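>>> What shape does this take:
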Amino acid sequence: MDNGSTTLEQRMKFAASSDAAAVLEEFDSRVDGHYNEEVTTSRIKFGDNVVTNHNKHVILKRLYRSFVNIFIIALAIIDVLWPVTAIIQGEEIDYAYIVILTTLILISGTMTFIQETRSSNAAAKLLNMVTTIITLRREGVEIEVDSSDLVVGDIVILDAGDMVPADVRIIKSNHLKVDQSALTGESGGVTKTDGPQNADDGIMGCTNMAFMGSNVLSGSAEAVVVAVGDDTIFGSMAEKLSRKKDATTYDKGTKAITSVLVKLMIYLVPPVFIIMLVKGYFNDGGFEFDTVKYAIIFAITLAIGLMPEMLATIVSTNLAKGSIDMSKKKVIVKEATSIQNLGAMDVLCSDKTGTLTQNRISVHDCADIHGNSSHMVEVFTCLNSSNLKSSTNQIDWAIQEYAEEYGFTAELEQYPYVADVPFD
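Have a look, this model is predicted:
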């Protein structure tokens, strides 16, 4: 099999379904690892172990998003129409009003830009704090390198607490258990083996494969790297997440307001302009220049009156304040417009995977259907899990810890165990 001409899917399936010796041979590697010249060759062929940042030109995009929206466009239109009206009337231009409108535009856009920049910088600093140093074997010697230096064919040494630095095929497993919750959404460890697997039902189900972003819970292993960077499962997920996002509640609200303003202008401004022309025609006995001029002025004035001058600043101020309030609660909001979605929530439901948590399940309170704390619910919950000592379910473990911590053990002994009725 020529790995240079195969697709990524074929390469992964081959790695999962073949024995360790065939996989090592396929990637020009061996148990002692690559030779130095092979590292360069592999890097040229398969690339670096770096997931591409798909948010290119992020500052320009943020500037565009901050200054190009319906509210600021409305202010800009007024800013242009105001001096036009004065010129038509032959009056002196009110520069103070123009300065005020321009200031509102700058304040609105700048506030949004600064807040989003601060949030993005904070998120970037958090990511930069996480450096992954991994152990690998090259030329028979175990060395420590940054995960970005990995290449396809490298032999990686995995131990408890390590993060899997790339998509790898396990060639030697010693009771290895891996947490794949970041990829699959399922909490709990997955036992990994080193024998060939049937990959027809999907790579994620193969227990001889471990994937970038997973964490080693226990055991140890040696594995050969089969995919790096954007070719990994994690890299493909990052690429999908970078695609155009669905409209937020804020976007939908802005679109609705835009629709209302446009319809008002269409339904009111042209008819008013025509009415003023007709009125001037009958009053002046024809279409004089002044008739047309005053009709235009009146229509422009009406259009300006329909524009919400302060709305852009008010909205930006509220979104910025919301972002600041969330940051005080240790929540980073990268896009200010997301505040609208957060504010519209009644209940936030998060699964148990650790996406927003430490991936450690614990019980803090038990409530009835009305949302009130209930001791009976605590008792029933603890009873349901008290006889499941051999359970591998982390929820059962958390409930048992809760019962021991808050002293329910003695109370539970009042209820003798009869039988288990499995949940259907």
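
>>> Every contact and neighbour count from this point should use C-alpha atoms.
Fine.

>>> Residue 367 contacts residue 380, doesn't it?
No: with contact defined as Cα atoms under 8 Å, residue 367 does not reach residue 380; the gap is 11.5 Å.

>>> Could you list the low-confidence segments of the stretch 301-424 of the chain?
The stretch 301-424 of the chain contains residues with pLDDT under 70 at 304, 307, 309-312, 350-360, 386-393, 420-424.

>>> That one: helices as residue ranges?
Under the criterion DSSP state H, counting those that start in this stretch, the stretch 301-424 of the chain contains helices at 311-328, 338-343, 375-386, 394-405, 409-412.

>>> Distance across stretch 349-364, terminal residue to terminal residue?
The straight-line separation of the ends of stretch 349-364 (Cα to Cα, to the nearest Å) is 15 Å.

>>> before we move on, back to that, export the helices of the stretch 301-424 of the chain to JSON lines and tack on distance to residue 106 and mean neighbour count?
What follows is those, written out as JSON lines (distance: least, Cα to Cα, whole Å; neighbours: other Cα atoms under 10 Å):
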{"stretch": "helix 311-328", "distance to residue 106": "9", "mean neighbour count": "17"}
{"stretch": "helix 338-343", "distance to residue 106": "21", "mean neighbour count": "15"}
{"stretch": "helix 375-386", "distance to residue 106": "55", "mean neighbour count": "17"}
{"stretch": "helix 394-405", "distance to residue 106": "51", "mean neighbour count": "18"}
{"stretch": "helix 409-412", "distance to residue 106": "63", "mean neighbour count": "14"}
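
>>> The nearest residue to residue 374 once chain neighbours are set aside - how many residues pack around it?
Of all residues beyond its chain neighbours, the one nearest residue 374 is residue 367 (5.2 Å), with distances taken as Cα to Cα, 6 or more residues apart in numbering. The burial count assigned to residue 367 is 13, neighbours taken as other Cα atoms under 10 Å.

>>> Same question for residue 154.
29.

>>> likewise residue 365?
Per other Cα under 10 Å, the neighbour tally for residue 365 reads 12.

>>> before we move on, what about the one 5 residues further on?
By other Cα under 10 Å, 7 other residues sit near residue 370.

>>> again, but for residue 98
19.

>>> mind starting the numbering at 20 from now?
Taking 20 as the first residue, the last one we looked at is residue 117.

>>> from memory it sits against residue 98, does it?
Yes: between residue 117 and residue 98 a contact is recorded at 5.8 Å, counting by Cα under 8 Å.

>>> the domain parsing of this structure - what is it?
The domain map for the chain lists 27-68+169-258, 69-150+268-366, 380-443, with the assignment taken from automatic domain parsing.

>>> of all those, which lies closest to residue 162?
domain 27-68+169-258 (9.7 Å; Cα to Cα).

>>> Give me the distance from the closest one to the chain's centre.
Distance of domain 27-68+169-258 from the chain centroid (Cα atoms, centre = their mean, to the nearest Å) equals 25 Å.
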